[in-house]
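Engineer: the following comprises the amino acid sequence and a computationally predicted model.
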There are 2 protein chains.
Amino acid sequence: MMSDAPGGETLLFLTDEQLRQGIEAMFFAYRGFTADPDRILAGLAYGRAHHRAIHFINRAPGTTVNNLLILLGVTKQSLNRVLRTLVEDGLVQSKVGKSDKRERHLFLTEAGEALERKLSDAQRARMRAAYRAAGPQAVAGFRQVLESMMDNDLRRRYQALKDSST
Amino acid sequence: MMSDAPGGETLLFLTDEQLRQGIEAMFFAYRGFTADPDRILAGLAYGRAHHRAIHFINRAPGTTVNNLLILLGVTKQSLNRVLRTLVEDGLVQSKVGKSDKRERHLFLTEAGEALERKLSDAQRARMRAAYRAAGPQAVAGFRQVLESMMDNDLRRRYQALKDSST
DNA sequence: ATTGGAATGTCAACAAGACTGACTTAAACT
DNA sequence: AGTTTAAGTCAGTCTTGTTGACATTCCAAT
């Protein structure tokens, strides 16, 4: 059971029921979050995995395969299959590294950028509507809770991405 | 481009870059959100799909198969496979409806409740830590944005679940 | 200079979890 | 009696993930 006011502040927002509602909100919201890009991808021969790869290559152009698979949290074999189709279809270009020729640096082609724009436009539209409905203060809280929910190493990578685009 | 202060309030939180950061936060946070239960389930012969079924049967005991598959957003064939193993393993009980004998009402057995507790304890622990770190105001904002992000019909179902447990 | 380790890629096999389509059974509604 | 609804089943497919084994290339350290 939860006792209240150990620091002069009520902790009612930490009850099991409140946490359970947060868990369900997270589950349902994530469905909405992926729904629009999924609809677009269903038409093409791609899935969510392709979307994620395209997103992060766009976000960090020239990233290595190794960096990408850590960001995505998948094995290199799994990522490789996705990457191969994207390269074959001319959406992604893979360039051998200059200083270290073992590494491959990944870039979107123009066609890749076009698809990225289409997908993220759809996703941002929903995000924008939600942000607008909730207001700036709610958005700040939203971001704060999400960041606290991440694993430590992913939070660091997330921060690095944020900082790189300032 | 985004102009500001149409209602006396700056809209800087609605820039594409802010939205993009929100999208990435959502992606990374969801990984953390599922990480702990996934670790537990990996040991047993179950996956995320079993977790979701168990969660909602616990949340709405006596729910019908039809209701459950709408909540989960999967086909009956997909749900059926999961449900069958849970019934076989004695975690879920399926009772023929009284007023309508076509319906099956689903309940957790004691073993099912035990696993549910184990899984949701782990998930709530992370949620609680995140909530505590962010504070009650941030949590309110978090919930608000998530609700705005849901599809309309799912938001209604989410609200119904919330109200049913007051 | 050779050896060891790291980064990448490839092949093969496999499993979870989703999908569609077709079909059955039983019950309920009209 | 005929239609619709709820649930379950069978078969086949797809995406996305997993291991394990192995080749290549290159860097770095002994």
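Structural biologist: That came in fine, so what should we check first? As the structure is a prediction and not an experimental result, all values here were calculated from the model. Numbers count the residues shown, from 1 in each chain, chains lettered A, B, ... in the order given.
Engineer: longest helix in chain A, by residue count?
Structural biologist: Longest helix in chain A, counting residues (DSSP state H): helix A:16-43.
Engineer: the helix or strand following that helix packs against which elements?
Structural biologist: Scanning forward in sequence from helix A:16-43 by DSSP states H and E, the next helix or strand is helix A:48-59. Packing partners of helix A:48-59 (3 or more Cβ pairs under 8 Å, 6 or more residues apart in numbering or on different chains; DSSP states H and E): helix A:16-43, helix A:65-72, helix A:76-88, strand A:92-96, strand A:104-108, helix A:110-134, helix B:16-43. The C-beta positions use only the backbone N, C-alpha and C, and glycine is treated the same way.
Engineer: report the angle between the longest helix of chain A and helix B:110-134.
Structural biologist: Here helix A:16-43 runs at an angle of 90 degrees relative to helix B:110-134 (axes from the mean of the first three to the mean of the last three Cα atoms, to 10 degrees).
Engineer: what comes up buried for stretch A:120-134?
Structural biologist: A:Ser120, A:Ala122, A:Gln123, A:Arg124, A:Arg126, A:Met127, A:Arg128, A:Ala130, A:Tyr131, A:Ala134 (16 or more other Cβ atoms under 10 Å in any protein chain shown).
Engineer: repeat for stretch A:44-54
Structural biologist: For stretch A:44-54, a neighbour-count test (16+ other Cβ under 10 Å) marks A:Tyr46, A:Ala49, A:His50, A:His51, A:Arg52, A:Ala53, A:Ile54 as buried.
Engineer: list just the nearest of those to DNA strand D.
Structural biologist: Taking Cβ to the nearest atom of the strand as the measure, DNA strand D lies nearest A:Ala49 of the buried residues of stretch A:44-54, at 3.3 Å.
Engineer: could you measure from the closest one over to B:Gly47?
Structural biologist: 18 Å (Cβ to Cβ, to the nearest Å).
Engineer: neighbours of the residue of chain A found nearest chain B, how many?
Structural biologist: Going by Cβ to the nearest Cβ, chain B is nearest to A:Gly141 of chain A, at 2.5 Å. Number of residues near A:Gly141 (other Cβ atoms under 10 Å in any protein chain shown) recorded here: 23.
Engineer: which residue packs closest to it, ignoring adjacent ones?
Structural biologist: B:Gly141 (2.5 Å; Cβ to Cβ, 6 or more residues apart in numbering or on different chains).
Engineer: next, the angle from the helix or strand hosting the one you found to helix A:16-43.
Structural biologist: Element membership of B:Gly141, judged by DSSP H and E, is helix B:136-149. Using the same axes, to 10 degrees, the direction of helix B:136-149 lies 40 degrees away from that of helix A:16-43.
Engineer: could you dump helix B:136-149 to CSV, C-alpha only?
Structural biologist: Taking Å, rounded to 0.1, in the frame of the first residue of the first chain, the C-alpha atoms of helix B:136-149 are listed here in CSV:
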residue,chain,number,x,y,z
PRO,B,136,2.8,14.6,-10.5
GLN,B,137,2.5,17.6,-12.9
ALA,B,138,4.6,15.9,-15.5
VAL,B,139,2.6,12.7,-15.1
ALA,B,140,-0.6,14.6,-15.7
GLY,B,141,0.9,16.0,-18.9
PHE,B,142,2.1,12.6,-20.0
ARG,B,143,-1.3,11.1,-19.6
GLN,B,144,-2.9,14.0,-21.5
VAL,B,145,-0.6,13.7,-24.5
LEU,B,146,-1.0,9.9,-24.6
GLU,B,147,-4.7,10.1,-24.6
SER,B,148,-4.7,12.7,-27.4
MET,B,149,-2.5,10.3,-29.4
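Engineer: check which helices and strands it sits against.
Structural biologist: Partner elements for helix B:136-149 (3+ Cβ pairs under 8 Å, 6+ apart): helix A:16-43, helix A:110-134, helix A:136-149.
Engineer: so which of those helices is the most surrounded?
Structural biologist: Of all the helices and strands packed on helix B:136-149, helix A:136-149 has the most neighbours on average by mean count of other Cβ atoms under 10 Å in any protein chain shown, namely a mean of 22.
Engineer: excluding covalently adjacent residues, which one is nearest to A:Gly22?
Structural biologist: Distances taken as Cβ to Cβ, 6+ apart put B:Met127 closest to A:Gly22, at 5.6 Å, once the chain neighbours are dropped.
Engineer: now do the contacts for that neighbour.
Structural biologist: Going by Cβ atoms under 8 Å, 6 or more residues apart in numbering or on different chains, B:Met127 touches A:Leu19, A:Gly22, A:Ile23, A:Met149, B:Phe33.
Engineer: any chance of JSON lines for those, columns distance to DNA strand D and pLDDT?
Structural biologist: Output for these, formatted as JSON lines (distance: Cβ to the nearest atom of the strand, whole Å; pLDDT from 0 to 100):
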{"residue": "A:Leu19", "distance to DNA strand D": "27", "pLDDT": "96"}
{"residue": "A:Gly22", "distance to DNA strand D": "24", "pLDDT": "97"}
{"residue": "A:Ile23", "distance to DNA strand D": "21", "pLDDT": "97"}
{"residue": "A:Met149", "distance to DNA strand D": "19", "pLDDT": "97"}
{"residue": "B:Phe33", "distance to DNA strand D": "15", "pLDDT": "96"}
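Engineer: from these, which is closest to A:Leu72?
Structural biologist: Nearest to A:Leu72 among the contacts of B:Met127, counting by Cβ to Cβ, is B:Phe33 at 16.2 Å.
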